[in-house]
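Asker: Structure for the following, please:
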Amino acid sequence: MQIRPFKACYAQPGQAARIAAVPYDVVDTEEARALAAGNPLSFLHVSRAEIDMPAGTDPYSDAVYERGRDTLRRFEKDGTLLREAQPQLYLYRQKMGAHVQRGIVACCSTLDYDRQVIKTHEKTRQDKEDDRTRHIKTLNAQSGPVFLVYRDNPRLTELARAAERQTPLFDFVAPDGVGHTGWRFPDPRTVAQAFAAVPAAYIADGHHRAAAAARVARERRASDPKAAPDAEFNWFLGVLFPASEVQILPYNRCVKDLNGLTPAAFMDAVRERFDVRPASSAVPAAPRSVCLFLAGVWHELSWTVPPDATPESRLDVTVLQERLLGPVLGIADPRTSKRIEFVGGIRGTAELEKRVNGGAAAVAFSMYPTTVGQVLDIADAGGIMPPKSTWFEPKLRSGLFVHTL
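Answerer: Predicted structure coming up:
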């Protein structure tokens with residue numbers, strides 16, 4: 001595993017709270033416009049630049065990417081973003097309620113990505129990869145970090161704790177209640193050297209950003225074969241967390257109709273495939289169980305897994321898809337079906353009840369969260385996680401650190 005310090009553009013410390021923005025892909029245009037309203041420093045003016053253009057503007061038009069580039073340049077020129085004089089590494093701590101996670105902000109190697117030293121667990125969609133590729137090429141920068149995980153390393157934990165005792169570069173609580181604090185590492189080379197003992201890193205969130213960065217690097221190497229491996233375009237912005245500190249929330253499901261079945265016939269089909277009992281809670285208490293909400297009532301579904309099952313087939317989301325969503329409800333491909341919606345666990349089960357009771361969905365499924373260990377094991381085996389099976393929280397903020405090419 002390779003990381004290296006970089007000359008970041010970083011948020012002006014006194015304005016970091018106003019600059020920091022949610023990732024580009026967790027909000028649509030109107031949500032981004034509302035979040036940035038009255039705040040000209042919001043990094044959403046870079047990552048979702050269509051919010052500064054007339055309503056109805058195609059977010060994938062050339063003008064939108066160019067507007068984002070111009071805003072990024074203006075932010076650096078007017079001091080909204082400051083440029084480091086020397087390459088640095090940073091510690092980025094997030095607090096969400098009782099949960100605390102500490103990540104190392106660094107540049108990661110696109111060559112490590114190509115060699116699968118940086119491992120993936122999702123397939124990317126061509127349209128989303130094209131979008132991020134155009135964004136990087138037009139801005140000549142990676143404006144949003146990739147969220148990565150590595151198996152715990154005592155030396156890196158020790159270095160992170162030491163940095164945490166320094167004076168912070170920024171420290172604020174966002175409107176959603178998540179705390180964000182950042183420090184420069186006193187000795188970035190020591191941290192980079194310690195990563196030589198880390199055999200691999202795993203993308204938790206940001207597969208399209210990483211794929212786009214690697215694609216841009218390959219294109220630029222092809223156009224400049226003499227470029228050195230340390231050329232800036234061969235590196236991408238990442239935040240690397242020890243596996244023990246990250247958390248995955250459930251990724252729940254809502255289906256709009258019962259595929260022509262009556263509620264009674266549907267429940268008969270469910271009982272043929274699962275052990276069913278009245279649910280004592282809307283949240284599953286353990287793996288190998290799902291809570292189902294139908295007609296105002298919660299049911300608990302449970303099952304056993306064969307001892308020779310593959311890591312992918314053991315996942316609760318896989319069992320639900322293969323036993324029920326596909327054969328009974330007709331959701332053949334959850335990636336493309338318009339009849340299923342995925343609801344991040346951060347919204348709670350009340351959101352599921354609201355959708356079913358309000359008629360937006362016929363049935364909802366409350367999932368037990370996938371574990372970090374399952375994600376790493378599947379990535380190690382070269383497998384692919386089912387769609388919408390992980391929801392890492394809290395999300396990284398964009399605009400605190402930017403890597404320019």
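Asker: burial measure for residue 338, as a count.
Answerer: Neighbours of residue 338 under the rule other CB atoms under 10 Å: 6. Bear in mind the C-beta positions are built from the backbone N, C-alpha and C, glycine included.
Asker: any idea how far residue 122 is from it?
Answerer: According to CB to CB, to the nearest Å, residue 338 stands 21 Å off from residue 122.
Asker: can you map out the strands along the stretch 201-350 of the chain?
Answerer: For the stretch 201-350 of the chain, strands defined by DSSP state E, counting those that start in this stretch occupy the ranges 201-205, 235-242, 248-249, 251-255, 275-278, 289-294, 297-302, 340-344.
Asker: Quick one: closest of the ones you listed to residue 393.
Answerer: Comparison of these against residue 393 by CB to CB identifies strand 248-249 as nearest, at 4.9 Å.
Asker: partners of the closest one in the sheet?
Answerer: Strand 248-249 has its sheet partners listed here by DSSP bridges as strand 391-392 (antiparallel).
Asker: Map the structural domains onto the sequence of this protein.
Answerer: 3-247+393-404, 251-368 (automatic domain parsing).
Asker: For the first one, what is the distance to the chain centroid?
Answerer: When you say that, I think you mean domain 3-247+393-404. Centroid separation for domain 3-247+393-404 versus its chain: 11 Å, with CA atoms, centre = their mean, to the nearest Å.
Asker: now do the same end-to-end measure for it.
Answerer: With CA to CA, to the nearest Å as the measure, domain 3-247+393-404 spans 16 Å from end to end.
Asker: next one: stretch 387-405
Answerer: 32 Å.
Asker: taking the mean pLDDT, what do you get for it?
Answerer: Averaged across stretch 387-405, pLDDT comes to 93.
Asker: and that stretch, how far from the chain's centre?
Answerer: Here stretch 387-405 is found 5 Å from its chain centre; the criterion is CA atoms, centre = their mean.
Asker: so for stretch 235-255, what's the average pLDDT?
Answerer: Stretch 235-255 shows a mean pLDDT of 96.
Asker: List the buried residues of that stretch.
Answerer: For stretch 235-255, a neighbour-count test (16 or more other CB atoms under 10 Å) marks 235-243, 245-246, 248-255 as buried.
Asker: Just tell me which of the domains of the chain ends up closest to residue 380.
Answerer: Of all the domains of the chain, it is domain 3-247+393-404 that lies closest to residue 380, at 7.0 Å by CB to CB.
Asker: was I right about residue 387 contacting residue 336?
Answerer: No - checked against CB atoms under 8 Å, the pair residue 387 and residue 336 is beyond contact range at 9.4 Å.
Asker: where in the stretch 151-300 of the chain is pLDDT low?
Answerer: Judged by pLDDT under 70, the stretch 151-300 of the chain has no weakly predicted residues.
Asker: Sketch out the helices for it, chain order is fine.
Answerer: 154-164, 188-194, 207-223, 263-273 (DSSP state H, counting those that start in this stretch).
Asker: could these go into CSV alongside distance to residue 285 and mean neighbour count?
Answerer: Conversion of those to CSV gives the following (distance: least, CB to CB, whole Å; neighbours: other CB atoms under 10 Å):
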stretch, distance to residue 285, mean neighbour count
helix 154-164, 31, 16
helix 188-194, 39, 17
helix 207-223, 31, 20
helix 263-273, 19, 15
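Asker: Any chance of those helices in CSV with distance to residue 80 as columns?
Answerer: Formatted as CSV, the helices of the stretch 151-300 of the chain follow (distance: least, CB to CB, whole Å):
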stretch, distance to residue 80
helix 154-164, 25
helix 188-194, 24
helix 207-223, 22
helix 263-273, 54
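Asker: Residue 172: which of those helices is closest?
Answerer: Using CB to CB, the helices of the stretch 151-300 of the chain put helix 154-164 closest to residue 172, at 16.1 Å.
Asker: on contacts alone, who are the packing partners of the closest one?
Answerer: For helix 154-164, the packing partners by 3 or more CB pairs under 8 Å, 6 or more residues apart in numbering; DSSP states H and E come out as strand 90-96, strand 99-109, strand 179-184, helix 188-194.
Asker: Would you format those as TSV with distance to residue 402 included?
Answerer: Formatted as TSV, the helices and strands packed on helix 154-164 follow (distance: least, CB to CB, whole Å):
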stretch	distance to residue 402
strand 90-96	12
strand 99-109	11
strand 179-184	13
helix 188-194	17
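Asker: Apart from its chain neighbours, what residue comes closest to residue 99?
Answerer: The shortest distance from residue 99 to any non-neighbouring residue, by CB to CB, 6 or more residues apart in numbering, is to residue 247 (5.6 Å).
Asker: Is that neighbour in contact with residue 101, as I believe?
Answerer: Yes - counting by CB under 8 Å, residue 247 touches residue 101, with 7.4 Å between them.
Asker: Contact partners for residue 182?
Answerer: By CB atoms under 8 Å, 6 or more residues apart in numbering, the residues touching residue 182 are 16, 90-93, 105, 168-171, 400-401.
Asker: so it bridges to which residues?
Answerer: Beta bridges link residue 182 to residue 92, residue 170, judged by DSSP bridges.
Asker: circling back: show me the one of the strands of the stretch 201-350 of the chain that comes nearest residue 359.
Answerer: The minimum distance between residue 359 and the strands of the stretch 201-350 of the chain falls on strand 251-255, with 11.5 Å, by CB to CB.
Asker: Which one of the strands of the stretch 201-350 of the chain lies nearest to residue 135?
Answerer: Among these, the nearest to residue 135 by CB to CB is strand 235-242 (12.6 Å).
Asker: Name every strand pairing with that closest one and say which way it goes.
Answerer: Strand 235-242 is paired, per DSSP bridges, with strand 99-109 (antiparallel), strand 146-150 (parallel).
Asker: Which stretch among those is buried most, on average?
Answerer: Highest mean neighbour count of these: strand 146-150, a mean of 25 (counted as mean count of other CB atoms under 10 Å).
Asker: CA atoms only: put it into CSV for me.
Answerer: Only the C-alpha atoms of strand 146-150 are listed here, as CSV (Å, rounded to 0.1, in the frame of the first residue of the first chain):
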residue,chain,number,x,y,z
VAL,A,146,-12.6,8.4,-1.7
PHE,A,147,-13.5,6.7,1.6
LEU,A,148,-11.1,3.7,2.1
VAL,A,149,-10.7,1.2,4.9
TYR,A,150,-7.6,-0.8,5.9
